[in-house]
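J.: Here you go, sequence then predicted model.
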Amino acid sequence: MDKPFLKKLRRIAPYVPGEQPQRGDILKLNANENPYPPAPGVQQTLRSFDACSLALYPDANGKALKTALAGRFGIKPTQVFLGNGSDDVLALAFQSFFCSDQPILYPDITYSFYPVWCDLFRIPYETVPLDENFCVNIRDYDKPNGGVILPNPNAPTGRALLLDALEALLQHNADCVVIIDEAYVDFGAQSAVPLIEKYENLLVVQTMSKSRSLAGLRIGYALGSETLIATLEAVKNSYNSYTLDAVALAAGAASVADEAYFQQTCRKVVTTRERTADALRALGFLVLPSLTNFLFVTHPQRDAAGLFATLRDRGIFIRYFKLPRIDNYLRITVGTDAQMDRLLAALRDILS
Ligand code: PMP
């Protein structure tokens, strides 16, 4: 620390995403990606994309994609906000809506990016403990706060709240913005989107990374009242007008156009999830009920860190969080049936 300018640099502990191994033989079950390809229309759009059009800036307002999403959800395009992955949307939402001196609230076990954004944007926060079954108790959010953010289903637990509970949460938190992060909602949980007409302070954030197999394209979006969306637009346009590129805008719209493929892929993941959960239980794991594309598991007789490392040595990457309350749990992304069979065979072997 002898150079004075070093004292002026921002120091921050960043979010650490799941490893992206470069070796081809790795079974990658560590980032909740979808094992199936994007919709055929997306592939067609990318094949026929006119590279010459990239000489121009993309549509900063993303009109075609907003219109497609608005149509799917039965809302107005002015109620849709687009971002470079839902991480971008969430980061902007934190900056736009969590501006008071009061702490924002979120669960003690949740998406580990939330504390990073609080730190980055200097937002005070308070964590609210999940109950002993890792469930959110919405009554615990019934206290003064600067805002609430909940993933539903929660990550990495996979547990979800029903719509009634979300509505009660909104009724008790009318004076702040409530963000529901629905990154995993398409795998069986109830979406809060029907509540946005009634609650002007509700922002629902979704992503195309999981249920639409487009993690590599980076498309996230928020749905909410025109007031919230206009605020997000103003903040985005004070920072970077072109968060979505022309390729993402075109391919995203093609994905939304194929509802049948989307439904079919989600169903396949759910079927494999339930089969895998049963097989893991048969191996002695405790498996939390999941409404996501991952399973959160623990083995009463085995050390999770050890299992994680042994699987890794065998080329199977899952996720382990060395965090209070969950340091003996593993998060396993649901892949194809064949991929899960490889995981289960490895676990059978390791546990025998
Ligand atoms: N929210 C939650 C709860 C997540 O787990 C993730 C994935 N890491 C995201 C948001 C962000 O996903 P993306 O930026 O790919 O849309």
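T.: Okay, I see it. This one's a predicted model, so the numbers in the text were calculated from it and none came from an experiment. Numbering: from 1, shown residues only.
J.: which ones are touching the residue nearest the centre of the chain?
T.: Taking Cα atoms, centre = their mean as the criterion, Ala183 is the residue nearest the geometric centre of the chain, at 3.3 Å. With contacts defined as Cβ atoms under 8 Å, 6 or more residues apart in numbering, Ala183 is in contact with 32, 86, 111, 151, 155, 205-207, 209-210. C-beta here means a position set from N, CA and C on the backbone, and glycine is covered the same way.
J.: Need the phi and psi values for the residue lying closest to it once chain neighbours are set aside.
T.: The spatial neighbour of Ala183 that comes closest, neighbours along the chain excluded (Cβ to Cβ, 6 or more residues apart in numbering), is Thr207 at 5.0 Å. With angles defined as degrees, to the nearest 10, Thr207 sits at phi -140, psi 150.
J.: related to what we said a few turns ago, list just the nearest of the contacts of Ala183 to Pro21.
T.: Each of these was checked against Pro21 using Cβ to Cβ; the closest is Asn32, at 15.4 Å.
J.: So for the biggest helix by length in the chain, what gets flagged as buried?
T.: If you go by DSSP state H, the chain has its longest helix at helix 259-282. Buried positions in helix 259-282, judged by neighbour count with 16 or more other Cβ atoms under 10 Å: 261-262, 265-266, 268-270, 272-273, 276-277, 279-280.
J.: Can I get these in CSV including distance to Leu232?
T.: Supplementary listing: these in CSV, determined by distance: Cβ to Cβ, whole Å:
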residue, distance to Leu232
Tyr261, 29
Phe262, 25
Thr265, 29
Cys266, 27
Lys268, 33
Val269, 30
Val270, 31
Thr272, 35
Arg273, 32
Thr276, 37
Ala277, 37
Ala279, 43
Leu280, 40
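J.: Who are the contact partners of the nearest residue to Thr336 once chain neighbours are set aside?
T.: Closest residue to Thr336 in three dimensions, ignoring its sequence neighbours and counting by Cβ to Cβ, 6+ apart: Pro35, at 4.6 Å. Residues touching Pro35, when contacts are defined by Cβ under 8 Å, 6+ apart, comprise 269, 334-336, 339.
J.: Kindly reformat the residues you listed as CSV containing secondary structure.
T.: Converted to CSV, those look like this (DSSP: H, G, I helix; E, B strand; the rest coil):
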residue, secondary structure
Val269, helix
Val334, coil
Gly335, coil
Thr336, coil
Gln339, helix
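J.: Which among these count as buried?
T.: Burial by neighbour count, 16+ other Cβ under 10 Å: within the contacts of Pro35 this picks out 269, 334-335, 339.
J.: how about the residue nearest to the centre of the chain, secondary structure?
T.: Three-state call for Ala183 (three-state DSSP): coil.
J.: For it, give me the pLDDT.
T.: Model confidence at Ala183, given as pLDDT, is 98.
J.: Next, give phi and psi for it.
T.: Backbone dihedrals for Ala183, given as degrees, to the nearest 10, come out at phi -60, psi -30.
J.: got any ranges where this structure has weak pLDDT?
T.: Within the chain, the stretches with pLDDT under 70 are 1.
J.: can you pull out the strands in it?
T.: In order along the chain, the chain carries the following strands (DSSP state E): 27-28, 80-83, 104-107, 125-128, 147-151, 178-181, 202-207, 220-224, 286-287, 294-298, 316-317, 330-333.
J.: now for the longest helix of the chain, which elements pack on it?
T.: Here helix 259-282 touches strand 286-287, strand 294-298, helix 337-351, going by 3 or more Cβ pairs under 8 Å, 6 or more residues apart in numbering; DSSP states H and E.
J.: quick one: it to chain centroid distance?
T.: 18 Å (Cα atoms, centre = their mean, to the nearest Å).
J.: try stretch 83-102
T.: Using Cα atoms, centre = their mean, we find the averaged C-alpha position of stretch 83-102 to lie 14 Å away from the chain's own average C-alpha position.
J.: wait, does it contact the ligand?
T.: Yes. For a cut-off given as Cβ under 6 Å from any ligand atom, stretch 83-102 has contacts with the ligand, namely 85-87.
J.: and those residues as TSV, adding neighbour count?
T.: Converted to TSV, the residues of stretch 83-102 next to the ligand look like this (neighbours: other Cβ atoms under 10 Å):
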residue	neighbour count
Gly85	22
Ser86	24
Asp87	20
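J.: Tell me the one among these nearest to Phe294.
T.: Ser86 (16.0 Å).
J.: residues contacting Ala155?
T.: 32, 110-111, 183-184, 292, 294.
J.: Would you mark the buried spots in stretch 131-139?
T.: When neighbours are counted by 16+ other Cβ under 10 Å, the buried residues of stretch 131-139 are found to be 134-136, 138.
J.: likewise stretch 191-202?
T.: Using 16+ other Cβ under 10 Å as the test for burial, stretch 191-202 gives 191-193, 195-196, 199, 201-202.
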